[in-house]
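Would you be able to build a 3D model of this:
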Amino acid sequence: MAKICVTWAANLSFKRNRMEKRTLLALSALALSGAAAGAEERMNVLFILTDDFQHNAIHALGREDVRTPNIDSIYSRGTAFTNCYTNGAIGGALSMPSRAMIMTGRGVFDITQDGWVISPRHTMLPEQLRAAGYRTFHTGKWHSDFASFNRAFSEGENIYFGGMHRYEDGGHVTPRLMHYDPAGDYKHRTPFVGSKFSSELYADAAVDFLEQAAGDTTPFFAYVAFTSPHDPRNRHPWYGRTYAPDSISLPPNYRPQHAFDNGELTVRDEVVVPAPRSAETVRRELADYYGMISEVDTQIGRVIDALRRSGRLERTIVVFAGDNGLAMGQHGLMGKQSLYDHSIKVPLVVWAPGVPAGERNEGLCYLYDINPTLAEMLGLAPAETATGRSLAPALRRGAKGRTERDRIWLAYSSIHRALVMEGRKYIIYNVGGQITEQLFDLRRDPWEQNNLLAGAPSRRVQQLAAKYRSALKEEMRRGHDFCDLDRPSGDHWSWWEKDEKISWTDGVNLVK
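Okay, the predicted model is just below:
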């Protein structure tokens, strides 16, 4: 019966109606009951996650300036979702809620404390797989609490607890890491200083795990969470590729500074390289950024090679993704604290037996949809607490361009909200009561340069904006957003109970 899990492509044909859900649950139970007799037949998962990786900063997707041969290889062998978004964040560290959403399969206002803590009430995917008999392994970044880490993972090495390698500690060159502690007592342990670049240390741990797993028939979930290409980017390792700034093309939407006050122009990401930023400055920053992309690409190649040598590649689902993007000079911004595609859209590709190779699925999805997707691909029912929608049907041959979502809504702090629908994006800002609106035609204007609401928009465009604003408000209600776009405050609008931008402390205490 365990072979049911191998032929996971058959599971993709299940519809999401009641009768077929019962069928899927029955088959999953049969698959699990057969695990002892044939555990070697169950599918493994290798989940590779990157940090601050622009959704299209990949050579295979047309970014000519950057070289990513190993990531390109994954794209050539799998199906990529080219309209995948992270749902957003309350605070400026988008990776924290993004990673918690991946783990739980829940949206940004359905996780706890912006991802700082992952509630025991919310079953994480590796936690679910661990209970089903999987080895669950982690290396790299964990941006949530210690307790949730040990609920999720039975093994680990070279673990980084935190948001970024600090400049004052040497950055990626001398990362502060932890060994796995079965007791979970990381609070009272002192990190060790890594002797190699962070990406190499994470790849080392993943390679060691995969080499050991070659002689073990127990199925595994290996989560390799790189901290590249997040800054500091001031010192590169010898491997990978270096880039000359004068060889770098500026993005079409490069601007020296943002066109208006979006409420986050003094956040850390924006002041590391202060505005206004010259073309030469942005080229220099991009050269360093691409260097970090190439170095992590090199280490991803090592991990894939180890999986291949283990003999378990043909029984493994490989996922490559990013937690959020980064502006790097686009729209006059450097960071990720905005709802433009460069910051909120993410790369996502799935490579597995039966998945169409080299396809680009343009359907809309959230990054956290990968959680129930993997559960279904493994023959399991999604965790009861997961609210994402499985992408497994979209991974069938001939399903190009279709997902279960026809719209995506996005949130940042209490000051930015957006909706993607019908090939357009609507963004609304509230900065100190000053309302600004943007509407972009993403099909004709993928770099979001032409705001259709600028100047004197036509009646048709105004009607479109009203339609999108109404749809956004509905999605915000469904998504349990604490903001209300129609909430008045004196002579202006305040979207939440305090007449100011929400602080991170208020935010994490609000969403419990």
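
how near is the closest residue to W116 other than its chain neighbours to I502?
Nearest in space to W116, with sequence neighbours left out and distances taken as Cβ to Cβ, 6 or more residues apart in numbering, is V508 at 5.5 Å. Quick note: C-beta positions are derived from backbone N, CA and C, even for glycine. V508 sits 10 Å away from I502, going by Cβ to Cβ, to the nearest Å.

And the pLDDT at S489?
In this prediction, S489 carries a pLDDT score of 70.

Just to check, it is in contact with E500?
No. Because the distance of 10.0 Å does not satisfy Cβ atoms under 8 Å, S489 is recorded as not touching E500.

what ranges do the strands span in the stretch 51-200 of the chain?
For the stretch 51-200 of the chain, the strands identified by DSSP state E, counting those that start in this stretch occupy 79-85, 88-89, 135-142, 155-161, 176-177, 192-193, in order along the chain.

quick one: contacts of stretch 416-426?
For stretch 416-426, the external contacting residues (Cβ atoms under 8 Å, 6 or more residues apart in numbering) are 83, 85, 262-263, 338-339, 341, 344, 364, 406-411, 427-429, 437-443, 448, 464-465, 468-469, 471-472, 475-476, 481, 483, 485, 495.

Residue ranges in this protein under the pLDDT threshold?
Low-confidence regions of the chain, defined by pLDDT under 70, span residues 1-40, 400, 490-491.

Centre-most residue in it?
A centroid search over the chain (Cα atoms, centre = their mean) returns D323, at 2.7 Å, as the residue closest to the centre.

which residues touch that residue?
For D323, the residues meeting the contact criterion (Cβ under 8 Å, 6+ apart) are 49-53, 86, 94-95, 98-99, 102, 346, 367.

among those, which two are most distant?
By the measure Cβ to Cβ, the contacts of D323 have their two most distant members at D52 and I102, which lie 15.2 Å apart.

related to what we said a few turns ago, who touches both of V508 and I502?
Going by Cβ under 8 Å, 6+ apart, residues that sit against V508 and also against I502 are I90.

List phi and psi for the closest residue to Q113 other than its chain neighbours.
Leaving out its chain neighbours, the residue that sits closest to Q113 by Cβ to Cβ, 6+ apart is V508, at 3.9 Å. Backbone torsions for V508, taken as degrees, to the nearest 10, come to phi -70, psi -30.

my read: V508 touches I111, true?
No. Because the distance of 10.5 Å does not satisfy Cβ under 8 Å, V508 is recorded as not touching I111.

mind checking how far the longest helix along the chain is from the chain centre?
Across the chain, the longest stretch assigned as helix under DSSP state H is helix 279-309. Put simply, helix 279-309 sits 17 Å off its chain's centre (Cα atoms, centre = their mean, to the nearest Å).

Could you pull out the strands in the stretch 401-512 of the chain for me?
Under the criterion DSSP E, counting those that start in this stretch, the stretch 401-512 of the chain carries strands at the ranges 407-412, 416-421, 424-431, 434-441, 488-489, 492-493.

strands paired with the fifth one, and their directions?
Strand pairing for strand 488-489, determined by DSSP bridges: strand 492-493 (antiparallel).

can you tell me which residues contact the residue nearest to R233 when sequence neighbours are not counted?
Excluding its sequence neighbours, the residue lying closest to R233 (Cβ to Cβ, 6+ apart) is D288, at 4.1 Å. By Cβ under 8 Å, 6+ apart, the contact set of D288 is 233-234, 236, 243.

And the buried ones among those, selectable in PyMOL?
With 16 or more other Cβ atoms under 10 Å as the burial test, the buried ones among those are selected in PyMOL as follows:
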select buried, resi 233+236+243
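
of the contacts of D288, closest to G329?
Closest approach to G329 among the contacts of D288 (Cβ to Cβ): R233, at 13.7 Å.

distance of the nearest residue to W504 once chain neighbours are set aside from R77?
On the basis of Cβ to Cβ, 6+ apart, the spatially nearest residue to W504 that is not a chain neighbour turns out to be G91, at 4.0 Å. G91 is 36 Å from R77, where distance means Cβ to Cβ.

And for L265?
From L265 to R77 the distance is 41 Å (Cβ to Cβ).

Q257 - how many residues pack around it?
Other residues lying near Q257 total 14 when counted by other Cβ atoms under 10 Å.

Dihedrals phi and psi, it?
The phi and psi values for Q257, taken as degrees, to the nearest 10, are phi -160, psi 160.

so how many other residues sit close to the closest residue to K473 other than its chain neighbours?
The spatially closest residue to K473, leaving aside those adjacent along the chain, is L485, at 5.6 Å (Cβ to Cβ, 6+ apart). When neighbours are defined as other Cβ under 10 Å, L485 has 16 of them.

Repeat that for D145.
As a measure of burial, D145 has 20 neighbours, counting by other Cβ under 10 Å.

So which bits of stretch 425-445 are buried?
The neighbour-count criterion (16+ other Cβ under 10 Å) identifies 425-431, 436-440, 445 as the buried residues of stretch 425-445.

Stretch 201-219 too?
Burial within stretch 201-219, assessed by neighbour count using 16+ other Cβ under 10 Å, is assigned to 201-207, 209-210, 213, 219.

Run through the helices of the chain in chain order.
3-6, 18-33, 35-38, 69-77, 95-104, 125-131, 146-152, 198-213, 268-271, 279-309, 341-344, 370-377, 459-478, 504-510.

so what's V508 up against?
Neighbours of V508 in contact, by Cβ under 8 Å, 6+ apart: 90-91, 113-114, 116.

typo on my end, it should be L339
Contacts here follow Cβ under 8 Å, 6+ apart; on that basis L339 touches 88, 410-412, 416-418, 425, 427.

which residue sits closest to it, ignoring its sequence neighbours?
A418 (4.1 Å).

do E295 as well
The shortest distance from E295 to any residue other than its chain neighbours is 3.5 Å, reached at G240 (Cβ to Cβ, 6+ apart).

from memory A287 sits against Y243, does it?
Yes. Contact criterion Cβ under 8 Å: A287 and Y243 qualify, at 4.1 Å.

quick revisit: can you give me every residue that contacts the residue nearest to K473?
By Cβ under 8 Å, 6+ apart, the contact list for L485 reads 417, 428, 469, 472-473, 476, 493, 495.

which one of these sits closest to A381?
For these, the residue nearest A381 by Cβ to Cβ is M476; the value is 28.7 Å.

ok, the closest one to P393 distance?
In this structure, M476 lies at 27 Å from P393, with Cβ to Cβ as the measure.

Could you give the number of residues near the closest residue to V108 other than its chain neighbours?
If you skip the residues right next to it in sequence, V108 has N87 as its closest partner in space, 4.1 Å away by Cβ to Cβ, 6+ apart. Using other Cβ under 10 Å, N87 is surrounded by 24 other residues.

Thanks again, I'm all set now.
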